[in-house]
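[1] Dropping a prediction and its sequence here:
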Amino acid sequence: MEFHTLQAPTLNLLPLEAGLPHNSNFTESDRSAQNILNVFISLVHSFPTTEIFDSLLTSLSNHCRVLWTKDQETTAGFEKVKRKTLVLDMDETLIHSRLQEDVDSPAPFKINVPFENTDCIYYVYDRPHVCEFLATVAQWYDLVIFTASISDYADPIIDWLEREVKAKYPSSNPVIKSRYYRQHCTYYNGIFTKDLTQIECDLRDVALLDNSEFSFLINPENAIPIRSWTNDDENDLALHDLFAFLNALSHVEDVRSVLRSRSTSSGY
Ligand SMILES: [Mg+2]
């Protein structure tokens, strides 16, 4: 399969290229067809191997049947799936903080964190596109912060991020549904890892975005790894580049059916 042919898809190109049933009734005005094709296209771009694409087709086959057998005024678009929870790590995923301000890069936020009868000042930098990311994905997921940091450090930062999102996207609702901290982590062999069943007992409906592979040890099939950001790249696009994938993932029945393939192929 030549994936580069999907860069500028037409409504009937993808089914033909993918070897799927082609419905000649697709039209430019068929928003349902457009929506589901967008899902496929974004997934193809996120998983550019035939093997993984095949597994995605299997995962989404129920949705496909709805679309491809739709001929008159029957059910349009996706079958309803349960709204999912996206769990977000904080440090080096959404922000980076340090104890000394970068002389070339003034910190947009700083906090005092009490530590052993003194205050530590942390200079906090927001990852590029983080506000856009939070405002956007909050439309598709319930968002939860799960950090291995303590609440005295994390809460002011989360509050600040929420204020920033509200300032830039006034119509957005409060984006963070709940917060989990170090005391909620599982201490294992000297590291903090994260058990997602504390947040969502049905693992079909939860995914964790995190820069640390250790965080995924308990629920590896729910992992969305992201490269660490340490205020080292002002043009970082890692959050922005997840939009299409996360939009698509919110429509699948079981996130593990997609993320499992990703974790075994990337070997993170
Ligand atoms: Mg982290």
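    Here it is on my side, so go on. Source: prediction; values computed, not measured.
[2] Ramachandran angles for the residue of the stretch 151-268 of the chain found nearest the ion?
    Closest approach between the stretch 151-268 of the chain and the ion, counting by CB to the ion: residue 211, at 4.5 Å. C-betas here are computed from N, CA, C, even on glycine. Backbone torsions of residue 211, given as degrees, to the nearest 10, read phi -90, psi -10.
[3] who's in contact with it?
    89, 91-93, 225-229 (CB atoms under 8 Å, 6 or more residues apart in numbering).
[4] Which of those has the largest number of neighbours?
    Highest neighbour count within the contacts of residue 211, by other CB atoms under 10 Å: residue 93, with 26 neighbours.
[5] That one - that's part of a helix, no?
    No - per DSSP: H, G, I helix; E, B strand; the rest coil, residue 93 lies outside any helix segment and is coil.
[6] Now for it: which residues touch it?
    For residue 93, the contact set (CB under 8 Å, 6+ apart) comprises 127, 209-211, 226, 228-229.
[7] How about residue 120?
    Residue 120 touches 99, 112-114, counting by CB under 8 Å, 6+ apart.
[8] Check residue 126 too.
    94-95, 108-109, 161, 164.
[9] any idea which of those is closest to residue 237?
    Proximity of the contacts of residue 126 to residue 237 (CB to CB) peaks at residue 94, which lies at 14.4 Å.
[10] Quick check: residues of the stretch 101-250 of the chain near the ion?
    For the stretch 101-250 of the chain, the residues in contact with the ion (CB under 5 Å from the ion) are residue 211.
[11] Pull out the buried residues from the longest helix seen in the chain.
    In the chain, with assignment by DSSP state H, the single longest helix is helix 151-168. Neighbour counts over helix 151-168 (16 or more other CB atoms under 10 Å) mark 153-158, 160-162, 164-166 as buried.
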